[in-house]
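**Q** my questions concern the predicted model and sequence given below.
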Amino acid sequence: MSSTLIAVADTVFPSLDPALEALAAVEPELKIAADASVDAILAVAADAEALLVTYGQITADVIAGLNNCKVIGRFGIGIDNIDIQAATAKGITVTYAPVYCLDEVSDHAMALLLSLARKVTFGANLVSGGRWEMPAVVPIHRLRGRTLGLVGLGNIPQALVPKAQAFGIKIIAADPYCADEVFQRMDVEKVELDDMLARSDYVSVHAPLTPETEKMFNAEAFKKMKSNAFLINTARGPLVDIDDLAAALDAGEIAGAALDVLPSEPPGSDNPVVGRADVILTPHTGFYSEDALLDLQTTVASDVAKVLTGEEPKYPVKPR
């Protein structure tokens with residue numbers, strides 16, 4: 001069997017050996033783009049039978065230049081960096097990894113919630129600055145009986161629900177696409193978004209990035225939240241309008257936020273939430289564990305191999 005040319009638009013992995021192992025059946029020959037520009041991607045992908053991508057933008061222009069591609073594999077959960085319609089129109093299957101880091105992201109969201117609730121990061125920073133002052137962290141409220149509002153009830157928030165419930169937290173969620181049976185099975189109250197914003201002590205965002213959800217957390221949304229509520233975002237940075245968040249914090253419309261993702265990463269010097277005592281920032285690490293990275297590579301590469309050998313992939317992206 002001759003080798004199969006597989007292009008890599010971009011990679012964040014220290015090694016692609018797990019992917020190569022999962023692709024062994026097609027005798028892969030990997031070519032990695034010099035950078036994530038259209039020209040650089042097409043320089044290695046124009047005649048490739050498959051394209052692997054992490055954060056690179058696989059636009060209609062890129063897809064138009066793919067002459068032999070059968071499948072695009074996205075190393076990740078979201079697929080907003082791929083023009084799905086253009087790929088579908090050209091007969092290219094798109095696969096992804098919708099369940100690879102459920103534990104990691106839900107753990108991270110819970111860790112951020114706990115840090116906000118108990119003011120762990122705030123207190124640690126006080127001590128590091130030479131201040132041993134319990135009154136400086138007042139007030140702190142008991143977790144049991146508080147309400148966590150979830151924006152979305154997909155795989156990750158479903159993994160978060162029992163973790164929060166173990167602390168005695170009541171869960172409500174806004175997700176018009178999730179079946180009522182899931183809400184009932186998980187003992188989660190189904191509510192409209194505005195009701196969720198008004199009632200929640202903690203709001204955790206788990207929505208996909210679409211034209212409809214971009215900047216869904218804006219000035220109008222923050223005004224609907226409790227003044228002592230906290231926002232947590234481990235989903236997509238552009239779901240939150242950062243300028244409006246800073247203004248809401250300044251105005252006392254909400255109490256604080258914890259963000260693992262930002263609209264622009266890394267943040268620029270003009271980002272208004274960097275360095276604030278009422279905001280916890282982590283550098284887009286919610287997805288990460290050594291185990292998750294292995295799962296990610298093998299899940300996506302295995303599906304790419306299936307497509308190339310005429311089988312049905314386990315996780316195809318279904319065009320809307």
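**A** Right, received. Where do you want to start? The structure displayed is predicted, hence computed values, not measured ones.
**Q** break this protein down into its domains, please.
**A** The chain breaks down by automatic domain parsing into domains covering 4-100+290-308, 102-281.
**Q** return the most buried member of the ones you listed.
**A** Among the domains of the chain, domain 4-100+290-308 has the highest mean neighbour count (mean count of other C-beta atoms under 10 Å), at a mean of 19. Just so you know, the C-beta spots here come from the backbone N, C-alpha and C atoms, and that holds for glycine as well.
**Q** show me what the mean pLDDT comes to for that one.
**A** For domain 4-100+290-308, the mean pLDDT works out to 96.
**Q** tell me where the stretch 51-200 of the chain has helices.
**A** For the stretch 51-200 of the chain, helices defined by DSSP state H, counting those that start in this stretch occupy the ranges 60-64, 84-89, 102-118, 120-128, 155-165, 180-185, 193-199.
**Q** what about the shortest one, distance to the chain center?
**A** Just to be clear, that refers to helix 60-64. On the basis of C-alpha atoms, centre = their mean, to the nearest Å, helix 60-64 sits 25 Å off its chain's mean C-alpha point.
**Q** surely Leu245 and Gly237 touch.
**A** No. Using C-beta atoms under 8 Å, Leu245 is not in contact with Gly237, being 11.3 Å away.
**Q** for the residue most central in space within the chain, helix, strand, or coil?
**A** Per C-alpha atoms, centre = their mean, the C-alpha nearest to the average position across the chain is that of Ala235, at 3.4 Å. Following DSSP: H, G, I helix; E, B strand; the rest coil, we place Ala235 in the coil state.
**Q** that one against Leu259, yeah?
**A** No. Look at Ala235 against Leu259 with C-beta under 8 Å: they stay out of range, at 10.0 Å.
**Q** what's the distance between Val307 and Pro316?
**A** Val307 sits 8 Å away from Pro316, going by C-beta to C-beta, to the nearest Å.
**Q** what do the two both touch?
**A** Both Val307 and Pro316 are in contact with 93, 95, where contact means C-beta atoms under 8 Å, 6 or more residues apart in numbering.
**Q** so who does the residue nearest to Glu214 when sequence neighbours are not counted touch?
**A** Of all residues not flanking Glu214 in the chain, Pro238 sits nearest, at 5.1 Å (C-beta to C-beta, 6 or more residues apart in numbering). Contacts for Pro238 (C-beta under 8 Å, 6+ apart) come out as 209, 214-215, 263.
**Q** out of these, which one sits closest to Gln184?
**A** Distance to Gln184 across the contacts of Pro238 (C-beta to C-beta) is lowest for Leu209, with 28.3 Å.
**Q** Ile6 belongs to a strand?
**A** Yes. Secondary structure assignment places Ile6 in a strand (three-state DSSP).
**Q** hmm, Lys70 is touching Thr93, no?
**A** Yes. The pair Lys70 and Thr93 qualifies as a contact (C-beta under 8 Å) at a distance of 6.7 Å.
**Q** which neighbours do those two share?
**A** Counting by C-beta under 8 Å, 6+ apart, the shared contacts of Lys70 and Thr93 are Val307.
**Q** looking at this structure, which helix is longest?
**A** Counting residues, the longest helix found in the chain (DSSP state H) is helix 290-308.
**Q** which outside residues touch it?
**A** By C-beta under 8 Å, 6+ apart, the residues outside helix 290-308 that reach it are 4, 6, 13, 16, 18-26, 49-50, 52, 70-71, 73-76, 93, 95-97, 99-101, 103-104, 312-316.
**Q** CA atoms of it as CSV?
**A** This file holds the C-alpha atoms of helix 290-308, laid out as CSV (Å, rounded to 0.1, in the frame of the first residue of the first chain):
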residue,chain,number,x,y,z
GLU,A,290,-2.0,14.5,29.6
ASP,A,291,-4.8,11.9,29.4
ALA,A,292,-7.1,14.3,27.5
LEU,A,293,-4.4,15.1,24.9
LEU,A,294,-3.9,11.5,24.2
ASP,A,295,-7.7,10.9,23.9
LEU,A,296,-7.9,13.9,21.6
GLN,A,297,-5.3,12.8,19.1
THR,A,298,-6.4,9.2,19.0
THR,A,299,-10.1,10.0,18.7
VAL,A,300,-9.7,12.4,15.8
ALA,A,301,-7.0,10.4,14.0
SER,A,302,-9.0,7.2,14.3
ASP,A,303,-12.0,8.8,12.7
VAL,A,304,-9.9,10.2,9.9
ALA,A,305,-8.5,6.7,9.3
LYS,A,306,-12.0,5.3,9.2
VAL,A,307,-13.1,7.8,6.5
LEU,A,308,-10.0,7.1,4.4
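**Q** before I go, just wanted to say thanks for your time.
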